[in-house]
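K.L.:
the sequence isn't on hand, but the structure is:
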């Protein structure tokens, strides 16, 4: 059986097109998922424009934010049934004997490969998924929302897992992309006062953040960061995706504060890290997520305490992937969702 798929076939800019894709067969410990909804990530856009900084196994089907129904099970899969509503984690390939995997931090396994760059992803009708990656979608949670569990988990790990946010903190989030807005939402859930910072061209996305109770700032956030006592923000989340944002973070964070860097930026720093030492600042990288984070985020989504509808700018059929990519890339919307069905 063949179906359409959004395939990234080369590192050259805009080497993405709709191609025929054969439905995969499950391995013994895999399931085949009939994809109901798949989110478009900024990393999908980076691969589309050729501006990514990670290795890609070409050609590859894009898409790592997805949910659907189990359509087939491998012979060794237990605890799941055809028709179950699920979402999938992104660690498609891991080394079970890695010290990181054994510690439950398989997201940090050096041999890890993810959907959409390392193995075929979910921008198609059927995707092969290891059963260990699955989580049940709570009743009442629509697939268009459940498919965005993954970016919510990235934000949860950046703010709650790797940040030190406490109620009453003043937190600045740099970068109003989907991850930045969700980081701001997580910090608000943790009881912080939050400012989301962007550029003039980001005004549409910044306005979306108001739905989460955030201050929005175009340009310099120094005054807001120092408003309480003149020392700076308790914490800064760098979700901007350019290395120079770290310089801003070091300038506006208070002494003994923290910075959580979740945005990718391949550019050289070209500035001194002395403020990191002088201020005694904790600088923490944050990458991906693991099983307990997914369970917590799904509970937040199911309860309504975390709502992804404000960031969802539209749902498109898979065949209109290019329109969805363009709308996100232009900053016209925050997040696009595709429906392969």
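P.N.:
On my side now, so go ahead. Computed from a prediction, not measured in an experiment: that's the story for all the values here. Numbering: from 1, shown residues only.

K.L.:
contacts, neighbours, all on C-alpha from now
P.N.:
Noted.

K.L.:
for residue 270, give me the pLDDT.
P.N.:
Here the pLDDT value assigned to residue 270 is 91.

K.L.:
and if you look at residue 265?
P.N.:
84.

K.L.:
one more: residue 1?
P.N.:
82.

K.L.:
that one contacts residue 125, doesn't it?
P.N.:
No: Residue 1 is beyond contact range of residue 125, at 10.4 Å (criterion: C-alpha atoms under 8 Å).

K.L.:
more neighbours: those two, which one.
P.N.:
residue 125 (23 against 8; other C-alpha atoms under 10 Å).

K.L.:
neighbours of residue 97, how many?
P.N.:
Residues contacting residue 97 under the criterion other C-alpha under 10 Å number 10.

K.L.:
ramachandran coordinates for it?
P.N.:
Per-residue torsions, residue 97: phi -100, psi 0 (degrees, to the nearest 10).

K.L.:
what does residue 15 give?
P.N.:
Here residue 15 shows phi and psi, under degrees, to the nearest 10, equal to phi -90, psi 60.

K.L.:
which ones are touching it?
P.N.:
Residues in contact with residue 15 (C-alpha atoms under 8 Å, 6 or more residues apart in numbering) are 8, 9, 48, 49, 50.

K.L.:
the second one: neighbour count?
P.N.:
The number of residues packed around residue 9, counting by other C-alpha under 10 Å, is 19.

K.L.:
distance check, it against residue 225.
P.N.:
44 Å (C-alpha to C-alpha, to the nearest Å).

K.L.:
quick revisit: just the buried subset of the contacts of residue 15, written out for PyMOL, thanks.
P.N.:
Selection of buried members from the contacts of residue 15 for PyMOL, criterion 16 or more other C-alpha atoms under 10 Å:
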select buried, resi 8+9+48+49+50
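
K.L.:
out of the contacts of residue 15, flag the one nearest to residue 101.
P.N.:
residue 8 (28.8 Å; C-alpha to C-alpha).

K.L.:
tell me the spacing between the spatially closest residue to residue 33 that is not a sequence neighbour and residue 193.
P.N.:
Nearest residue to residue 33, sequence neighbours excluded (C-alpha to C-alpha, 6 or more residues apart in numbering): residue 70, at 4.6 Å. Look at residue 70 and residue 193: by C-alpha to C-alpha, they are 41 Å apart.

K.L.:
who's more crowded, the two?
P.N.:
More crowded of residue 70 and residue 193, by other C-alpha under 10 Å: residue 70, with 24 against 20.

K.L.:
how about that one, what does it touch?
P.N.:
Counting by C-alpha under 8 Å, 6+ apart, residue 70 touches 31, 32, 33, 34, 81, 82, 83, 84, 85, 86.
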